[in-house]
Structure formats: C-alpha cells, structure tokens
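**Q** this is a predicted model, with the sequence first.
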Amino acid sequence: MPKPRKHLISLDATPYYHCVSRCVRRTFLCGFDHHTNTDYEYRRQWIEERIHLLAKHFAVDVAAFAIMSNHQHLVLHINKAKSLNWSDQEVCQRWHNIYKGTVLTQRYSRKEALSEAELTAVKMKLDLWRERLCSISWFMRALNEPIARQANAEDKCTGSFWESRFKSQALLDEKALIACLAYVDLNPVRAKMAETPEDSEHTSIKLRCETLKEKEAPEQPDTLMPFVGNPREPMPAGLPFHLEDYIKLVDWSGRIIRAGKRGYISNSHPPIIDRLDIAPETWINLVTQFENRFKGLVGSAKQLKRAAPLLGFKRTPGLNTCNAFLH
C-alpha cells in the first residue's frame, strides 16, 4: 500500500527531494505527438514559466529541473527558515501572486481597517499559507493543476492529465544530491533530445550556462538555488558544490553517455568525483539509472538507517542498493 505523502517528505530526514510527474494520457505532454500529428512543444515553456513563478514566491528552492516530452523532473529544497522570516504582509502578497485569496486577505493586503475578529481570521489564514508556501506538496500542486487545466481546455477534454500527484525521492546526503542533479540535467541528452547539456531546452543546466555567458560579472539565475562552494563554516545557503566543478562534471558525464562508452572512464574526470569519493564507473551508473536504481530514499547506509524511522518506515528500504552505490 502506498505511503501517504506526509510520510514521504520530512524536514527531519532531509530538505532535498527529487520529484517526478508523468502524463497519464498516451498523447505527449510536450513535443510532437505522432498519434494525433500535433506539435505540443510550446507546452514545455508553460511549465518552465510556472516553475520560475513559483520559485519566486514559495520557500521551496528549485535546484534542478528538466521538462521532457511526457514527464518532468525537479530537485527541490525546503527552505523553512526563509518562510519564518517573512512578515505576515509578505506571506499574504506571495500567496496572492499565485492564488486569489479571500475577501478578508485582499482587504488586509490593501491595508484596510479590519476588526479584531477579522484580523484573527486573517492571521489564522496567513499561518496556514506560510506553512503551505514551504510545502513541496503544495509547490507541485500549484505547478501541475494549472498546466492540467490549460492542456485539458486546449484538448477539449476532461479528466486526469497527470498519472498521479507526483513521485518523490528523499536525497539524504551530498552524493545522492549531486547524482540526482546530474541525472535530471542529463535527461534530454540520454533521451537524444539534445547533443549537449547546454543545448538541452527547458533544463536548469541550460539556464545556468546561459546566465554565465550573458553576464559580464557572472551571476547565477535568481529562480534557481545557487551553488555556493564546498561545505565550510559559516556555510552560506545554497548547493554545497562549486558551479564550475558541477558544469564540468555534467559535461564530462554527458560526453561519455553520448559516446556509448559506459565501460570506458576517462582519466580526466572532474575533481568533484574525488572529493565525494565516488568511483567514476559508479558515477556513470548513477547518472544513467538513478530513478530505476533507487526508490523512496537515496543516500549512504548510515543516512538511510537514520532517516527511515523519521519517514515512518519500520524497515530500511533500498539498503543494499544504496550501500552498493553510495557507501
């Protein structure tokens, strides 16, 4: 029996999660549908624009994304501290940028006079919204529902557009996190939708590369979680890797995958592999089979054993697989 979503996502276990949504219908979400002879490529832009909108207003950071023909991948980070620092007025404005809100909250946002009872009602609503704005479940709901309605209206049909709410994998340590990031960014290369990572449309790696090229003083995309370098004290908020190292790692991995040389590993692999103590042969397996190899929890055996009870598991799932690849 599937576990409830509230038991699959827990800040006590990890703030990082890999989320996947797949289209339920035979027709493609995006791209060219050979069954109907229709090109839906433009829908990928719908989804990317929605991701960037939500990233600006939720306390959920987008670490990576890839929008494919009939499914989408996201690596998300729950930023609870960020939501706690928002004022009530900011929570209200952020929610109204996504949803209509209520009559009382609309009046509150316009700073109109409210009675004590009305202020109490608004406060209760804002506390609820603050919690939802740092929820991955609500982020995915706010992403998928409008896309489903828009596509259904365009297709002149009703019913489910996505096969389920979404699938999630908890990323418990640095090895699991960077392997998942690269897996997501290399999806179009593996699917032969792009020759190189930087040419793969509607992916986070393309956006990061474009931003670096366009700026005289290189900056990182403001709607993506930044790379802040290797762990140190004090550690700034962001992904614990150097962006340059990561881009080199993805490029190196992509070249090997495209060349069909899974058994051949170049001696010039990026140093980030050494820092994380991942064998190059193991790395290629991770970035080509991440979703198939691992189920709900991904990390070292030690991290799995720590996180399993926090996520409501009586046994430690996937222990042998994680121990083999992420020991």
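**A** All right, it came through fine. Note that the structure is a prediction, hence the values are computed from the model and not measured.
**Q** contacts and neighbour counts: CA atoms only from here.
**A** Will do.
**Q** quick check: which ranges of the stretch 151-300 of the chain have low pLDDT?
**A** Counting by pLDDT under 70, the stretch 151-300 of the chain shows low-confidence ranges at 215-218, 258-268.
**Q** for it, what spans make up the helices?
**A** Counting by DSSP state H, counting those that start in this stretch, the segments of the stretch 151-300 of the chain that form helices are 174-185, 187-190, 204-214, 243-258, 271-275, 280-293.
**Q** quick one: residues in contact with the last one.
**A** I take that to be helix 280-293. With CA atoms under 8 Å, 6 or more residues apart in numbering as the test, helix 280-293 has contacts from 179-180, 182-183, 186, 190, 253, 257, 262-263, 265, 269, 273, 321, 325.
**Q** how about 6 Å then?
**A** The contact list for helix 280-293, computed with CA atoms under 6 Å, 6 or more residues apart in numbering, reads 179, 183.
**Q** quick check: buried residues in that helix?
**A** 280, 283-288, 290-291 (16 or more other CA atoms under 10 Å).
**Q** which of those sits closest to Glu131?
**A** Nearest to Glu131 among the buried residues of helix 280-293, counting by CA to CA, is Glu291 at 28.9 Å.
**Q** what about the closest one, distance to Ser168?
**A** For Glu291, the distance to Ser168 equals 10 Å [CA to CA, to the nearest Å].
**Q** can you check Ser300 too?
**A** Taken as CA to CA, the span from Ser300 to Ser168 is 18 Å.
**Q** just the terminal-to-terminal distance for stretch 164-179.
**A** Using CA to CA, the end-to-end distance of stretch 164-179 comes out at 25 Å.
**Q** likewise stretch 149-166?
**A** For stretch 149-166, by CA to CA, the gap between its terminal residues amounts to 17 Å.
**Q** residues in contact with that stretch?
**A** Contacts with stretch 149-166, where a contact means CA under 6 Å, 6+ apart, come from 20-24, 148.
**Q** quick check: buried residues in it?
**A** Counting neighbours by 16+ other CA under 10 Å, one finds that the buried residues in stretch 149-166 are 149, 151, 161-162, 165-166.
**Q** the residue nearest to Tyr16 when sequence neighbours are not counted in helix, strand or coil?
**A** With CA to CA, 6 or more residues apart in numbering as the criterion, Tyr16 has its nearest non-adjacent residue at 4.6 Å, and that residue is His77. Look at His77: counting by DSSP: H, G, I helix; E, B strand; the rest coil, its state is strand.
**Q** let's have the contacts of stretch 149-166 in CSV, adding pLDDT and neighbour count.
**A** Putting the contacts of stretch 149-166 into CSV (pLDDT from 0 to 100; neighbours: other CA atoms under 10 Å) gives the following:
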residue, pLDDT, neighbour count
Val20, 93, 20
Ser21, 91, 20
Arg22, 88, 20
Cys23, 84, 19
Val24, 78, 16
Ala148, 87, 18
